[in-house]
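# sequence and predicted structure below; questions after.
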Amino acid sequence: MDTVTKIKEYTDIKDLAEQAGFEFKDVNTNKVIYRAVCKLPGCKDSSSPDFNIYKDGCFKCYACGKGGDVINFYKYLNGVSNKEAIRQLARRLNIKNTRRAPYKAFKSNTGINTPEKHDISHSKAPGSNSREIQAKKTPADTIYRALMNLFNKALDIDSYEYLTGPERGLTDETIKHFKLFSIADYKQAKRYLLYHFDEARLKELSLINESFKRRKYFLFTKHKVIIPIIEGGKIKALRGRFLHKDGSDPDKISHNTRSYGRYRSTAGIKNSLFNGDILKDLDKGAVVYLCEAEFDTMITHQAGLNAVGVCGINLFDPGHLAARLKDYDLKILFDNEPGAQAQARKVNDEYYRLTGKPAEIQELPEGIKDATEYFIRKQQKITGVT
């Protein structure tokens, strides 16, 4: 597949147009699928929806007369030549040389130490050896770091304001320490992953899923604040926190047409211990706070305490967890609600069975729901909590 073909297959006119401020309406006639007011430079009509995108992936504006494929659109939008449009679009897809395999170009750009071969096709060739494919399975850490690097390990402004605002209260130092980043463009992320990695492997990790209509969708469509779960120095899983322009609580967004939980996770999340790598540097008997979730762990760490956390109240086995923490003076800091406290007692029972001494279940003040609220209120000196 040559460069132009790759660009046309993996770059969508609608995505480029929306980034440039186009606002589309679904039309879905026999030929036209989207229509908008044209915002191409030089188009004089700024009121009528004369810009059409067709089912074959091409466009036409009946006000300014411009039309063509995605390369033509990029050329008109940016005022460059066809050759320069191809060069810039290829760079967006990390296509460095048409004679090199796309994966090699990706590897040289990121510096990630990965296996020598990816199957980047969207379907297996007849007679493919499944055992060979499994033997060359790309490590989860490689794929997760590639996704992180795609957005320059950075946060967009909405994510940053959410994390540092009154709801979370995290500092820049804490955000950097836990390597938080955001999915700035989920459509770009989906295309990037499908282009560079084996689709079956992406599905295995739950990054790409398939609806009942066999439509592929990206896991973090609305969960763009990403928390890497790192164990042994490698990213074991990713957790996405719901964040929308209308707020961070999916239950309060009235125009939601499908169910979005507050969190979504890739495969490998069960029995993970968030921030667990701190244990290897602690002496036996050191005080360790076990928190209910990642954000509680982060803010407890930010308060200067040794904090680790589970990734959800139902995503761990109490016996497994107690075995990992038996060498430390354990204090359990779960949410101030019945279900969480019941789980805290189960961990305590297992810890006692292994060590012969009870853990200390922390009691939050009345009216304080979790560690995050406790430390935020303490920071703001609103409640007088000590």
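Sure thing, it's come through.

# every contact and neighbour count from this point should use C-alpha atoms.
Noted.

# what's the longest helix in the protein?
Taking DSSP state H as the criterion, the chain has its longest helix at helix 338-355.

# can you name the element that comes right after that helix?
Past helix 338-355, heading to the C-terminal end, the next element that is a helix or strand (DSSP states H and E) is strand 360-361.

# nearest residue to Pro318 other than its sequence neighbours?
By the measure of CA to CA, 6 or more residues apart in numbering, the closest residue to Pro318 outside its immediate chain neighbours is Val347, 4.8 Å from it.

# need the contact list for that neighbour.
The neighbours of Val347, taking CA atoms under 8 Å, 6 or more residues apart in numbering as the test, are Pro318, Gly319, Leu321, Ala322.

# relative to Lys236, how far out is the residue lying closest to the last one once chain neighbours are set aside?
Leaving out its chain neighbours, the residue that sits closest to Ala322 by CA to CA, 6+ apart is Tyr351, at 4.9 Å. For Tyr351, the distance to Lys236 under the criterion CA to CA, to the nearest Å works out to 25 Å.

# who's more crowded, these two?
Between Tyr351 and Lys236, counting by other CA atoms under 10 Å, Tyr351 is the more crowded of the two (25 against 19).

# what about Thr164, how many residues nearby?
For Thr164, the count of nearby residues is 15 (other CA under 10 Å).

# show me what contacts it?
Going by CA under 8 Å, 6+ apart, Thr164 touches Leu170, Thr171, Asp172.

# can you put those residues in CSV and add neighbour count?
Supplementary listing: these in CSV, determined by neighbours: other CA atoms under 10 Å:
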residue, neighbour count
Leu170, 21
Thr171, 16
Asp172, 11
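
# residues contacting the nearest residue to Cys311 once chain neighbours are set aside?
If the residues on either side of it in the chain are set aside, Cys311 comes closest to Ala293, at 5.2 Å by CA to CA, 6+ apart. Neighbouring residues of Ala293 by CA under 8 Å, 6+ apart: Gly309, Val310, Cys311, Gly312, Ile313.

# one more pass at 7 Å, please.
For Ala293, the contact set (CA atoms under 7 Å, 6 or more residues apart in numbering) comprises Gly309, Val310, Cys311, Gly312.

# buried residues in the helix or strand harbouring Glu373?
Under the criterion DSSP H and E, the helix or strand holding Glu373 is helix 371-380. Judged by neighbour count using 16 or more other CA atoms under 10 Å, the buried positions of helix 371-380 are Ala371, Thr372, Glu373, Tyr374, Phe375, Ile376, Arg377.

# contacting residues around the first one?
Contact criterion CA under 7 Å, 6+ apart gives Asp296, Leu333 as the residues in contact with Ala371.

# tell me what the closest residue to Tyr263 other than its chain neighbours is bridged to.
When the adjacent residues along the chain are set aside, Tyr263 lies closest to Arg241, with 4.8 Å between them (CA to CA, 6+ apart). Beta-bridge pairing for Arg241 (DSSP bridges): Val225, Tyr263.

# re the thing from before, okay, the residue nearest to Ala322: pLDDT?
Note on Tyr351: pLDDT of 97.

# surely it and Arg324 touch.
No. Counting by CA atoms under 7 Å, Tyr351 stays clear of Arg324, with 9.6 Å between them.

# anything in contact with each of these two?
Taking CA under 7 Å, 6+ apart as the criterion, Tyr351 and Arg324 do not both touch any residue.

# so which residues of the stretch 201-350 of the chain form helices?
With DSSP state H, counting those that start in this stretch as the definition, the stretch 201-350 of the chain shows helices at residue ranges 294-302, 318-325, 338-355.

# relative to Cys291, how far out is Lys378?
Lys378 sits 17 Å away from Cys291 when distances are taken as CA to CA.

# cool, and Gly309?
Separation of Gly309 from Cys291 (CA to CA) stands at 4 Å.

# what do you get for Lys25?
Summarising the geometry, the distance separating Lys25 from Cys291, computed by CA to CA, is 45 Å.

# and for Ile71?
As defined by CA to CA, Ile71 lies at a distance of 51 Å from Cys291.

# which one of the two has more residues nearby?
Cys291 (30 against 24).

# and the more buried one, what is it in contact with?
Contacts for Cys291 were tallied using CA under 7 Å, 6+ apart; they are Thr297, Ala307, Val308, Gly309, Val310, Ile332, Leu333, Phe334.

# just list the residues touching Gly240, thanks.
Contacts here follow CA under 7 Å, 6+ apart; on that basis Gly240 touches Phe220, His223, Lys224, Val225, Ile226, Ile227, Tyr263, Arg264, Ser265.

# quick check: ChimeraX command selecting the buried ones in the residues you listed.
Here is the ChimeraX command that selects only those of the contacts of Gly240 that count as buried (16+ other CA under 10 Å):
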select :220,223,224,225,226,227,263,264,265
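
# in JSON lines: the contacts of Gly240, plus pLDDT and distance to Gln362.
What follows is these, written out as JSON lines (pLDDT from 0 to 100; distance: CA to CA, whole Å):
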{"residue": "Phe220", "pLDDT": "95", "distance to Gln362": "33"}
{"residue": "His223", "pLDDT": "94", "distance to Gln362": "30"}
{"residue": "Lys224", "pLDDT": "94", "distance to Gln362": "32"}
{"residue": "Val225", "pLDDT": "97", "distance to Gln362": "29"}
{"residue": "Ile226", "pLDDT": "97", "distance to Gln362": "28"}
{"residue": "Ile227", "pLDDT": "98", "distance to Gln362": "25"}
{"residue": "Tyr263", "pLDDT": "93", "distance to Gln362": "25"}
{"residue": "Arg264", "pLDDT": "93", "distance to Gln362": "28"}
{"residue": "Ser265", "pLDDT": "95", "distance to Gln362": "27"}
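
# all good on my end, thank you.
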